[in-house]
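Enquirer: sharing a model prediction with you, sequence too.
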Amino acid sequence: MNTLKLIRCIPKRSLQGLRLMSSSSSNIIPVSEVKRFTVDCLEAAAVPQDHAVMLADVLVAADYRGHFSHGMNRLEMYVKDVQSGICDGGAEPAIIKQTAATALVDGKNGLGPVVGNFCMQLAINKALETGVGWIAAKGSNHYGIASWYSLQAVEKGMIGLSFTNTSPLMSPTRAKTPALGTNPLTLAAPGKNGDSFVLDMATTAVALGKLEVQRRKNEPLPHGWAQDETGTETTNAARAVTKGTLLPLGGTELTSGYKGYGLSFLVELLCGVLAGATYGPHIRRWMTTDRSADLGQCFIAVNPDAFAPGFTERLQDLMDYMRNLEPSDPSLPVLVAGDPERKCMAMNDKQGGIKYHESQLIACKALANTLSVIPLRPL
């Protein structure tokens, strides 16, 4: 079962009889329990249940697929945004204008996943009628992992794409100050027998969440991830997060960082600029709540049946060819986008849940105490 169907079929667990987690507990948490905890935290912050479930689905899917930077690591941020009133947890997106194949949507400052689900389903419906659906949204917020939306198109046998701008965290090549965001992009497409190509990437060397995870673990950054306030590359995670900026995909100019800079600009063009949302350096600073985020996002669905027949067969042939190439290191087989996530999901299924770093569980327990909800129950 794919991630979307697996997460959505999880019922809300009864709280009766749940035990408090002790410091000696296992770090493996059942997927259903992660969702229960996430929904409870959001409802405690006065998020309507249906919206809480949509947001929880995205966060749980991120951890289940191995993207810990965008899962429960982000839960406290969403809670604080709603509690402060800077994000409207109950807002419903609305269509401003549309054509047969396009639409402009106002997210009404609602939760990013609520806006994203609305827009992606609208794109899919238009693609069923016209072959292509292209939706631009303004007034949105952080929407989690981008592939959550592209995979919705794959469920319908379509190609899905999504883009979002973010707070300015990346310094363009040759600059010291941030002017563009991590600006992730995703493309997912269906192969045969449930196989798929799932590209989900930031246009920076890494997402900010990966720096936050390194700081949480008190470990140094790899080279090429970030620079400090002077514009010099740094491996100090705390300094990079508090004072520095992310490097574009590719790192420095010497290692082709200008290509990541160009891709980030491309995403900004399709999101903030096209949708009439806040863009580039005008977006609020990360983790500040002095004003609404007004993020711009883009959602595209493409029906392969509107083009040459045999799309899934050719894509499957191409993916299989890549995987069967002789690797330079026999212990490291050639992969295609989406393979690492499939391996992670299979491991989580085998072990009965998601294994979290101790620091994440400590943070979740503190959040549970703050919101007066029952903490996570380990396996």
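Expert: Looks like it came in fine. Numbers count the residues shown, from 1 in each chain.

Enquirer: which residues does the residue lying closest to C344 once chain neighbours are set aside contact?
Expert: Of all residues not flanking C344 in the chain, G66 sits nearest, at 3.5 Å (Cβ to Cβ, 6 or more residues apart in numbering). C-beta here means a position set from N, CA and C on the backbone, and glycine is covered the same way. By Cβ atoms under 8 Å, 6 or more residues apart in numbering, the contact set of G66 is 340-341, 344-345.

Enquirer: L161: which of the residues you listed is nearest?
Expert: Using Cβ to Cβ, E341 is the member of those that lies nearest L161, at 17.3 Å.

Enquirer: for the residue nearest in space to the middle of the chain, what are its contacts?
Expert: Nearest residue to the geometric centre of the chain (Cα atoms, centre = their mean): I145, 1.3 Å. Contacts for I145 (Cβ under 8 Å, 6+ apart) come out as 58, 61-62, 65, 67, 70, 200.

Enquirer: can I get the residues you listed in a markdown table with neighbour count, pLDDT and secondary structure?
Expert: A markdown table is the format used below for those (neighbours: other Cβ atoms under 10 Å; pLDDT from 0 to 100; DSSP: H, G, I helix; E, B strand; the rest coil):
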| residue | neighbour count | pLDDT | secondary structure |
| --- | --- | --- | --- |
| V58 | 27 | 98 | helix |
| A61 | 26 | 98 | helix |
| A62 | 25 | 97 | helix |
| R65 | 25 | 98 | coil |
| H67 | 22 | 93 | coil |
| H70 | 26 | 92 | helix |
| D200 | 24 | 97 | strand |
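
Enquirer: export the residues you listed to TSV and tack on distance to D320?
Expert: Shown next, in TSV, are these (distance: Cβ to Cβ, whole Å):
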residue	distance to D320
V58	30
A61	26
A62	28
R65	22
H67	25
H70	29
D200	21
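
Enquirer: what's the longest helix seen in the chain packed up against?
Expert: When the chain is parsed with DSSP state H, its longest helix is helix 112-130. When contacts are defined as 3 or more Cβ pairs under 8 Å, 6 or more residues apart in numbering; DSSP states H and E, helix 112-130 sits against helix 49-64, strand 102-106, strand 132-140, helix 147-155, strand 159-164, strand 295-302.

Enquirer: now do 6 Å
Expert: helix 49-64, strand 132-140, helix 147-155, strand 295-302 (3 or more Cβ pairs under 6 Å, 6 or more residues apart in numbering; DSSP states H and E).

Enquirer: packed most tightly, which of the ones you listed would that be?
Expert: strand 295-302 (a mean of 28; mean count of other Cβ atoms under 10 Å).

Enquirer: could you chop this structure up by domain?
Expert: By the assignment in automatic domain parsing, the chain contains the domains 3-84+348-371, 94-205+247-306.

Enquirer: quick check: which of those domains is buried the most?
Expert: Among the domains of the chain, highest average neighbours (mean count of other Cβ under 10 Å) belong to domain 94-205+247-306, with a mean of 22.

Enquirer: show me which pair in the contacts of I145 is furthest apart.
Expert: Taking Cβ to Cβ as the measure, these reach their widest spread between V58 and D200, a distance of 12.3 Å.

Enquirer: these two touch, right, T186 and A146?
Expert: Yes. The criterion here is Cβ atoms under 6 Å, and T186 meets it with A146 at 3.8 Å.

Enquirer: need the residues touching each of the two.
Expert: 162, 200 (Cβ atoms under 6 Å, 6 or more residues apart in numbering).

Enquirer: low-confidence bits of the stretch 1-150 of the chain, can you list those?
Expert: Residues of the stretch 1-150 of the chain that meet the criterion pLDDT under 70 lie in 1-25.

Enquirer: and the strands in the stretch 151-300 of the chain?
Expert: Assigned by DSSP state E, counting those that start in this stretch, the strands in the stretch 151-300 of the chain fall at 159-164, 185-190, 196-201, 226-227, 233-234, 245-246, 295-302.

Enquirer: for those, give me TSV that also has distance to I29.
Expert: Below are those laid out as TSV (distance: least, Cβ to Cβ, whole Å):
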stretch	distance to I29
strand 159-164	28
strand 185-190	26
strand 196-201	23
strand 226-227	30
strand 233-234	33
strand 245-246	29
strand 295-302	30
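
Enquirer: of all those strands, which lies closest to D349?
Expert: Nearest of those (Cβ to Cβ): strand 196-201, 17.4 Å.

Enquirer: could you give the angle of the closest one to helix 147-155?
Expert: Here strand 196-201 points in a direction 160 degrees away from that of helix 147-155 (axes from the mean of the first three to the mean of the last three Cα atoms, to 10 degrees).

Enquirer: just the angle between strand 196-201 and strand 159-164, please?
Expert: Using the same axes, to 10 degrees, the inter-axis angle of strand 196-201 relative to strand 159-164 is 10 degrees.

Enquirer: strand 196-201: partners in the sheet, and parallel or antiparallel?
Expert: strand 185-190 (antiparallel) (DSSP bridges).

Enquirer: take the strand it pairs with, keep the C-alpha atoms, and write them as PDB.
Expert: What follows is strand 185-190 as a C-alpha-only set of coordinates in PDB (Å, rounded to 0.1, in the frame of the first residue of the first chain):
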ATOM      1  CA  LEU A 185      10.300  21.100  -6.100                       C
ATOM      2  CA  THR A 186       8.800  17.600  -6.700                       C
ATOM      3  CA  LEU A 187       7.800  15.500  -9.700                       C
ATOM      4  CA  ALA A 188       6.200  12.100  -9.300                       C
ATOM      5  CA  ALA A 189       5.100   9.700 -12.000                       C
ATOM      6  CA  PRO A 190       3.600   6.200 -12.100                       C
END
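
Enquirer: how many other residues sit next to the residue nearest to V82 when sequence neighbours are not counted?
Expert: Nearest non-adjacent residue to V82, counting by Cβ to Cβ, 6+ apart: G89, 4.2 Å away. Look at G89: counted by other Cβ atoms under 10 Å, it has 24 neighbours.

Enquirer: who touches G89 in this structure?
Expert: Counting by Cβ under 6 Å, 6+ apart, G89 makes contact with 47, 51, 82, 111.
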